[in-house]
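Engineer: Starting from these lines, generate the structure:
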Amino acid sequence: MKKSLLALAVLAAVAGSAQAQSNVTIYGVLDMALQNESNGATSKGQGSITSVDSGVQSGSRLGFKGSEDLGGGLKAIFKLEMGVNADTGSSAQGGLAFGRAAWVGLAGDFGTVKLGRQNKPMFDAVDSIDPFSTGIIGGTAGQSTSATGLGNLFFATNPRSNNTINYSTNNISGFAGSVAYTFGEQAGDSSKLRGIGLSGGYAAGPLSAVIAYHSDNDANAVAIKHTFVGATYDFSIVKAALSYGKVTSDNNLVDYKLWSLGGTVPVSDVAAIVGSYTRVTNNLVSSDQTGGQLGLGYTYSLSKRTNVYTSISRISNDKNSNIGGLAYANGATERLVNVGVRHLF
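Structural biologist: Sure thing, here's the model as predicted:
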């Protein structure tokens, strides 16, 4: 009996020690909205749709993240995050079990190294500048996780990558950087499906600025290249955002640029008005090649974890333009209106 009590005491001590050195957090987002979209089609049954969609302000998700103290300032870290189409209960990101993130790494005085599926440095750069945080506006009603803000007009490739190793520096007097390499894992040619990305940023006081570059190779080793630079400045009465991006491909089948101006106006401690205008130019055609997206939104926090929101966005295209591929055809006008609720847990 005494031996059993002693063994239980030892196990309890070990468990307590392990608990003190490591932790796991379960978290998530549930975001649902009622949306109406008109994509400019004139044929009956094609021009307008009303739907209940998931992931409009933020992608609905369920995640697990944690760390273990290894001593000497070194930590093991991990993240598993699955996207959820809350309107249907299905998995997002094409049905992947952990389509938003699946990585493990080490963090310490040297910075952070992560291996697995994760955001590209380019995505984090765009997300940090977009007043809508790559959500709420710019999407297609009837598709879960349907609004992607500035990202929908900018990215020509997936903003996440598999088989990736990423190194990020710690914050050094406001400066931080990240570099990522994606292994194509194709026998005989390491350049196929390979990806290379990097970003650098500075944040201090009211100013935040970032520059990023990413190159993705397709199955034929043809590269699509993204370049982005942006900054925000908080004037207290408005947090202004300005950005510029360019996307090209080595085979000259992709060539466009964009610039965006936006801002967030806090109207109280719990409410804000958000707006932006983005202009995209298709350099593959010589005339009537631009389109513009105007977006306006409002968010209101009911608590620290729950808020309601609404937005309206409109894309106007020149005759040879269809930015983001959202309108029914070149030259058409696309409009998206939504009202929703988001809960963080």
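Engineer: ok, which stretches of the stretch 201-345 of the chain are strands?
Structural biologist: For the stretch 201-345 of the chain, the strands defined by DSSP state E, counting those that start in this stretch cover 207-217, 223-234, 239-249, 255-266, 271-282, 290-301, 306-317, 334-344.
Engineer: Could I get these in JSON lines, plus columns for mean neighbour count and distance to Ala156?
Structural biologist: (Each C-beta comes from the backbone N, C-alpha and C, glycine too.) As requested, the strands of the stretch 201-345 of the chain are exported to JSON lines (neighbours: other CB atoms under 10 Å; distance: least, CB to CB, whole Å):
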{"stretch": "strand 207-217", "mean neighbour count": "20", "distance to Ala156": "8"}
{"stretch": "strand 223-234", "mean neighbour count": "19", "distance to Ala156": "5"}
{"stretch": "strand 239-249", "mean neighbour count": "19", "distance to Ala156": "5"}
{"stretch": "strand 255-266", "mean neighbour count": "18", "distance to Ala156": "8"}
{"stretch": "strand 271-282", "mean neighbour count": "20", "distance to Ala156": "12"}
{"stretch": "strand 290-301", "mean neighbour count": "20", "distance to Ala156": "15"}
{"stretch": "strand 306-317", "mean neighbour count": "21", "distance to Ala156": "17"}
{"stretch": "strand 334-344", "mean neighbour count": "20", "distance to Ala156": "19"}
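Engineer: Which of those strands sits closest to Thr50?
Structural biologist: strand 334-344 (9.4 Å; CB to CB).
Engineer: so what secondary structure elements neighbour the closest one?
Structural biologist: strand 22-38, strand 306-317 (3 or more CB pairs under 8 Å, 6 or more residues apart in numbering; DSSP states H and E).
Engineer: unless I'm mixing things up, Pro115 is touching Val104, no?
Structural biologist: Just to correct that, residue 115 is Leu rather than Pro. Yes - taking CB atoms under 8 Å as the definition, Leu115 is a contact partner of Val104 at 6.2 Å.
Engineer: all strands of the stretch 51-200 of the chain, in order?
Structural biologist: Counting by DSSP E, counting those that start in this stretch, the strands of the stretch 51-200 of the chain are 61-71, 74-85, 90-91, 101-108, 111-119, 160-168, 175-182, 195-204.
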